[in-house]
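Trainee: here's a sequence, model it:
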Amino acid sequence: MYRFLLTRQWVILTLLVLAMIPTMVELGFWQLHRHEHRVEQNALITRNLEADPVPVTRLTSPGHTVPRSDYWRAVTATGTFDTGHEVVVRRRTSQDERIGVLVLTPLDLRGGGTVMVNRGWVPAAADQQSFPEVPPPPRGEVTVTGRLKADETTSASGIKDLEGLPDRQVMLMNSAQQSHLLDHPVLGGYLEMTGPAPADGSPETIAAPDDGSIGPHMAYAVQWWLFAAGVPVGWVILVRREKRDREEAAARDATAEQPEPATA
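Mentor: This is a model prediction of the structure:
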């Protein structure tokens, strides 16, 4: 009664089941790896945010690529803001998801060197060509604190670096790009400013990264593995149902073929 498994319909179904099982198992491990990566990243964020601030020049220099181990590291920088070369980074969202720009201002360091400082978010101008209203930074020499971030690139961020933008407007926070615009070396990466806080709350400072949420990846991994276990069970149920239906059909056919008893 299991010869029906050799029919074209059942062969295709069986092959599909055999392909689905390892695929679902692999998807489960993929979600598990994403969970482990999130846990590792949360630990890195917590460790670097809680570390004692160090001068930014200890962790980066012109042309330096900030390694992942230094992302979000608490740093300090002392110098003078150069508002004449300030730029805004287009199409960025605030904490409440409003579209605007980020204010990226060079800080000329005491003792030499320049680091780019992301001072925070402000609303965009009424039209795409105009430079928005940006509150000025503190005058004179100032010590700022913040989180060290790596240069943004199109490959890492997915943000396309558009050409032909209006003056002093960019798409990415990139030290090499700013070094070219300033015509002098800039420290690799940039500083995401956390203090001193602006007097009137603008620019809106960037919120600290989330180091508490682990996301749903582990739940997704378990779901995929349950699906992988359920597929062969479902196949067996379908096979047994098909066998039962065929047996019942055969029994009905046999009953129909029996001759009727002769009448007197």
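
Trainee: show me where the stretch 151-264 of the chain has helices.
Mentor: 154-157, 175-182, 217-257 (DSSP state H, counting those that start in this stretch).

Trainee: which of these is buried the deepest?
Mentor: helix 175-182 (a mean of 18; mean count of other Cβ atoms under 10 Å). Yep, even glycine has a C-beta here, placed from its N, CA and C like the rest.

Trainee: could you export that one as CSV, CA atoms only?
Mentor: Provided in CSV are the C-alpha atoms of helix 175-182 (Å, rounded to 0.1, in the frame of the first residue of the first chain):
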residue,chain,number,x,y,z
SER,A,175,37.5,61.8,8.3
ALA,A,176,39.3,61.2,5.0
GLN,A,177,36.6,63.2,3.2
GLN,A,178,36.8,66.0,5.7
SER,A,179,40.6,66.0,5.6
HIS,A,180,40.3,66.6,1.9
LEU,A,181,37.9,69.5,2.4
LEU,A,182,40.0,71.1,5.2
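
Trainee: for that helix, what is the average pLDDT?
Mentor: Averaged across helix 175-182, the pLDDT comes to 94.

Trainee: give me the distance from it to the chain's centre.
Mentor: Its chain's C-alpha centre and that of helix 175-182 lie 26 Å apart, by Cα atoms, centre = their mean, to the nearest Å.

Trainee: same check, this time on stretch 211-220
Mentor: The answer for stretch 211-220 is 13 Å, by Cα atoms, centre = their mean.

Trainee: and if you look at stretch 98-108?
Mentor: For stretch 98-108, the distance to the chain centre is 21 Å (Cα atoms, centre = their mean).

Trainee: what of stretch 145-162?
Mentor: Chain-centre distance of stretch 145-162: 12 Å, with Cα atoms, centre = their mean.

Trainee: first-to-last residue distance for that stretch?
Mentor: Length of stretch 145-162, first residue to last, Cα to Cα, to the nearest Å: 31 Å.

Trainee: next one: stretch 134-153
Mentor: Terminal-residue distance, stretch 134-153 (Cα to Cα): 25 Å.

Trainee: ok, stretch 137-151 next?
Mentor: With Cα to Cα as the measure, the first residue of stretch 137-151 is 22 Å from its last.

Trainee: next, the buried residues of it.
Mentor: 137, 144, 146-151 (16 or more other Cβ atoms under 10 Å).

Trainee: pull the number of nearby residues for Thr83.
Mentor: The number of residues packed near Thr83 is 13, by other Cβ atoms under 10 Å.

Trainee: then the one 3 residues further on?
Mentor: Other residues lying near Glu86 total 19 when counted by other Cβ under 10 Å.

Trainee: how about low-confidence regions in the protein?
Mentor: 1, 258-264 (pLDDT under 70).

Trainee: just to revisit the earlier point, could you work out the most separated pair of the buried residues of stretch 137-151?
Mentor: The most widely separated members of the buried residues of stretch 137-151 are Pro137 and Ala150, with 22.8 Å between them, by Cβ to Cβ.

Trainee: gap between the longest helix seen in the chain and the chain center?
Mentor: Longest helix in the chain by number of residues (criterion: DSSP state H): helix 8-50. Distance of helix 8-50 from its chain centroid, counting by Cα atoms, centre = their mean, is 17 Å.

Trainee: what is that helix packed up against?
Mentor: helix 217-257 (3 or more Cβ pairs under 8 Å, 6 or more residues apart in numbering; DSSP states H and E).

Trainee: would you turn the helices of the stretch 151-264 of the chain into CSV with distance to Arg90?
Mentor: Converted to CSV, the helices of the stretch 151-264 of the chain look like this (distance: least, Cβ to Cβ, whole Å):
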stretch, distance to Arg90
helix 154-157, 13
helix 175-182, 14
helix 217-257, 32
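
Trainee: out of these, which gets nearest to Val117?
Mentor: helix 175-182 (10.8 Å).

Trainee: which strands and helices sit next to the closest one?
Mentor: strand 99-109, strand 114-123.

Trainee: how about Met173, what does it touch?
Mentor: Taking Cβ atoms under 8 Å, 6 or more residues apart in numbering as the criterion, Met173 is in contact with 89, 102, 104, 116, 118, 149, 151-152, 190.
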